[in-house]
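**Student:** show me the folded form of this:
(one chain, ligands or ions: 1)
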Amino acid sequence: MEKRISKILTKLEVLNQKGGQWNISHETGQFLHDLIIKNKPELILEIGASNGYSTIWLAMAAQKVDAKVITYEFVPEKVRDLVSNLQKAGLIKYVQVVPDDANKRLGEIDEKVDFVFLDGRKNEYLQQFKLLEPNFKQGSLVVADNVNSHTHVLQDYLYYVNNSKEYKSKLKDIGSGLEITEKIS
Ligand SMILES: C[S@@+](CC[C@H](N)C(=O)[O-])C[C@H]1O[C@@H](n2cnc3c(N)ncnc32)[C@H](O)[C@@H]1O
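**Tutor:** Presented below is the predicted three-dimensional model:
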């Protein structure tokens, strides 16, 4: 990992311990990065960037597989930190930052989406998944965070992805719990 990237990740991990950012763990970031390297998606979406800790992991992987990241964040102060942190990491050129409510903007995407990281409001995952379904192709992966920490709020989402013949879904028990859903037909 480049020194400027590890420096900013460490800085954000220290900041996260003070609270208020709700960033994924280092282990989760490494897992998302490795999953992207393995699956080589072309278009990666992230809903809920906060200060960009997870976005840096996604963009680092995107750089290696020649993919593009689109990330959504609607809190202006967080957008400012997100852009600044991506610039410091030297990764801004791999990321399109959409400073708006993802729910209003997902319908605009006309390309196929092959990797999604859901980490916005937990009660909106299902709505966002359904908005993106027309953009999925066989092999598209959707990774949803907080399925252990917010299991109750995510009941409807978990039921949907685990009871459709179009998807294969499993829990990865790291960080706050990741549900990994693959479009199989
Ligand atoms: C859990 S934090 C994201 C943490 C980040 N993914 C990380 O691990 O570094 C959730 C973020 O999603 C943003 N958010 C929630 N719902 C959103 C939406 N519909 N559109 C855009 N941003 C949203 C919030 O403002 C908040 O900053």
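**Student:** CA atoms for contacts and neighbours, from now on please.
**Tutor:** Fine.
**Student:** near the ligand, which residues of the chain show up?
**Tutor:** Along the chain, the residues adjacent to the ligand under the rule CA under 6 Å from any ligand atom are 22-24, 47-50, 52-54, 72-75, 100-103, 119-121.
**Student:** what about those, which are in helices?
**Tutor:** Helix and strand membership here follows DSSP state H; of these, those in helices are Y53, S54, A102, N103.
**Student:** what about the residues of the chain next to the ligand, which are in strands?
**Tutor:** Among the residues of the chain next to the ligand, the members falling in strands (DSSP state E) are I47, Y72.
**Student:** list buried residues within the residues of the chain next to the ligand.
**Tutor:** Neighbour counting by 16 or more other CA atoms under 10 Å classes 23-24, 47-50, 52-54, 72-74, 102, 119-120 among the residues of the chain next to the ligand as buried.
**Student:** tell me which of those is nearest to M60?
**Tutor:** Of all those, the one with the least separation from M60 (CA to CA) is S54, at 10.0 Å.
**Student:** return the residues in contact with the closest one.
**Tutor:** Contacts for S54 were tallied using CA atoms under 8 Å, 6 or more residues apart in numbering; they are N23, I24, G29.
**Student:** also I47?
**Tutor:** For I47, the contact set (CA under 8 Å, 6+ apart) comprises T71, Y72, E73, A102, V116, F117, L118, D119, G120.
**Student:** got a markdown table for the residues you listed, with distance to L158 and pLDDT too?
**Tutor:** A markdown table is the format used below for those (distance: CA to CA, whole Å; pLDDT from 0 to 100):
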| residue | distance to L158 | pLDDT |
| --- | --- | --- |
| T71 | 23 | 98 |
| Y72 | 22 | 98 |
| E73 | 24 | 98 |
| A102 | 20 | 98 |
| V116 | 16 | 98 |
| F117 | 15 | 98 |
| L118 | 13 | 98 |
| D119 | 14 | 98 |
| G120 | 16 | 98 |
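**Student:** in those residues, find the pair that's most separated.
**Tutor:** In terms of CA to CA, the contacts of I47 reach their longest pairwise distance at E73 and V116, which sit 14.5 Å apart.
**Student:** tell me where this protein has helices.
**Tutor:** Listed in chain order, the helices found in the chain under DSSP H are 3-17, 26-39, 53-65, 76-89, 102-105, 125-132, 155-162.
**Student:** winner for burial among these?
**Tutor:** The highest average neighbour count among the helices of the chain, using mean count of other CA atoms under 10 Å, belongs to helix 53-65 at a mean of 23.
**Student:** now it against helix 3-17, angle please.
**Tutor:** Angle, helix 53-65 to helix 3-17, by axes from the mean of the first three to the mean of the last three CA atoms, to 10 degrees: 160 degrees.
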